[in-house]
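J.: got a structure for you, letters missing:
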């Protein structure tokens, strides 16, 4: 009886052993270790004066695929973001030409003024001295003319002109000078151009010296929009080219303008070039520091694009793994910009058309790169 019972136990164990082995094998298949966990470390090839290359087969990273860098035809409409600013040629700083004191402020910051409009009254003995010389010269001219003294009249004329010139240098207009009947220590200063008061430097009672800035006046029509385009779009634009601008503040209104300046420099970090666009602003709606979107109708261009999943972001840069030979990859820094096709990014620098880059599993390949360098990924 006992012998028979033992034989039955042995038979049961014999029958369930294969099933247990199959279950263990299936468990290992479903939970295969990663390349890093399995101890796989790719080989590095050091190139003197160049980037290291990593030897890696597609079959060594499950799911890894390659994709080409493609050249895509661009739209005829070139769009760029920009910021509105004053045309510096249309900004004037009003400075004091005498030593004195501000007696009255007739305008305030952001007021709109017209050319010749009074903006402040200043007290200065310098005005009284210059005006006294002018009044005296006029009196001598009058006496010489009435007496028929041609020699004295010529001298008096020269004195009048010299006194008038001195008053002009102190900031008085021709009309202000003609209106002088007697010397005064108070004088009104006027706006040299029409525009908005951008900045005020003084208040009532401020003491000023020659050369001290008092106001800044800026003209808002026309106005600048500084836009940025990528360097590979540079051949599509030229000075004088017409454009349209829209803003978030006035999304239904289109402002017309032209490209007035193209920067001679390329930003080495962003690979962009600045455009200075002169835009008409008749209703003065556009304000400095507003953001604008510029649209330029031009000849179609081309751009390089790459799948977004081929890019790995680290610290402050993007990287892609480029296949430079069969089974050999170079980790290369890539400069990109936004692209309107979902899943792709526009390549500004770092890649060339037709190059093959790691697409799927680029993050895993990047981890292997760090592992090969003895770093933690």
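T.: Received the coordinates, thanks. These numbers were taken from a predicted model, which means no experiment stands behind them.
J.: three-state assignment of residue 168?
T.: Going by DSSP: H, G, I helix; E, B strand; the rest coil, the secondary structure assigned to residue 168 is helix.
J.: my guess is it contacts residue 176, does it?
T.: No: between residue 168 and residue 176 there is no contact under C-beta atoms under 8 Å: 9.3 Å. Placement of C-beta: from N, CA and C, glycine included.
J.: of those two, who's got more company?
T.: residue 176 (18 against 14; other C-beta atoms under 10 Å).
J.: which residue ranges of this protein form helices?
T.: Assigned helices in the chain, in chain order: 2-30, 125-147, 150-169, 174-178, 362-372 (criterion: DSSP state H).
J.: now the first one: average pLDDT?
T.: The reference is to helix 2-30. If you average the pLDDT over helix 2-30, you get 40.
J.: what's near enough to touch the closest residue to residue 278 other than its chain neighbours?
T.: Once flanking residues are discounted, residue 278 sits nearest to residue 260: 4.1 Å by C-beta to C-beta, 6 or more residues apart in numbering. By C-beta atoms under 8 Å, 6 or more residues apart in numbering, the contact list for residue 260 reads 224, 239, 276-278.
J.: residue 260 and residue 293, how far apart?
T.: Per C-beta to C-beta, to the nearest Å, residue 260 is found 18 Å from residue 293.
J.: kindly report the same for residue 346.
T.: For residue 346, the distance to residue 293 equals 17 Å [C-beta to C-beta].
J.: between these two, which one's more packed in?
T.: residue 346 (19 against 16).
J.: looking at it, that one is touching residue 305, isn't it?
T.: Yes: Residue 346 is within contact range of residue 305, at 5.7 Å (criterion: C-beta under 8 Å).
J.: from what I can see residue 117 touches residue 191, true?
T.: Yes: applying C-beta under 8 Å, one finds residue 117 in contact with residue 191, separated by 4.9 Å.
J.: those two: which is more packed in?
T.: It is residue 191, of residue 117 and residue 191, that has more neighbours when counted by other C-beta under 10 Å, with 22 against 14.
J.: list the contacts for the more buried one?
T.: 94, 113-117, 119, 217.
J.: mind checking which of the residues you listed are in strands?
T.: 94, 113, 119, 217 (DSSP state E).
J.: closest to residue 205 out of the residues you listed?
T.: Lowest distance from residue 205 to these (C-beta to C-beta) belongs to residue 119, with 16.2 Å.
J.: how close does that closest one get to residue 215?
T.: Using C-beta to C-beta, residue 119 is found at 6 Å from residue 215.
J.: cool, residue 126 as well?
T.: 19 Å.
J.: try residue 331
T.: On the measure of C-beta to C-beta, residue 331 and residue 215 end up 57 Å apart.
J.: comparing the two, which shows the higher neighbour count?
T.: Neighbours per residue (other C-beta under 10 Å) separate residue 331 from residue 215, with residue 215 holding more: 24 against 20.
J.: the nearest residue to that one once chain neighbours are set aside: neighbour count?
T.: Leaving aside its sequence neighbours, residue 215 sits nearest to residue 94 (C-beta to C-beta, 6+ apart; 4.4 Å). Neighbour count for residue 94, taken as other C-beta under 10 Å: 21.
J.: which ones are touching residue 94?
T.: 119, 189, 191-192, 213-217.
J.: tell me the spacing between it and residue 120.
T.: Counting by C-beta to C-beta, the gap from residue 94 to residue 120 is 9 Å.
J.: who touches both of those two?
T.: In contact with both residue 94 and residue 120: 189, 214-215, using C-beta under 8 Å, 6+ apart.
J.: save the residues you listed as TSV, and put in distance to residue 203 too.
T.: Formatted as TSV, the shared contacts of residue 94 and residue 120 follow (distance: C-beta to C-beta, whole Å):
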residue	distance to residue 203
189	15
214	10
215	12
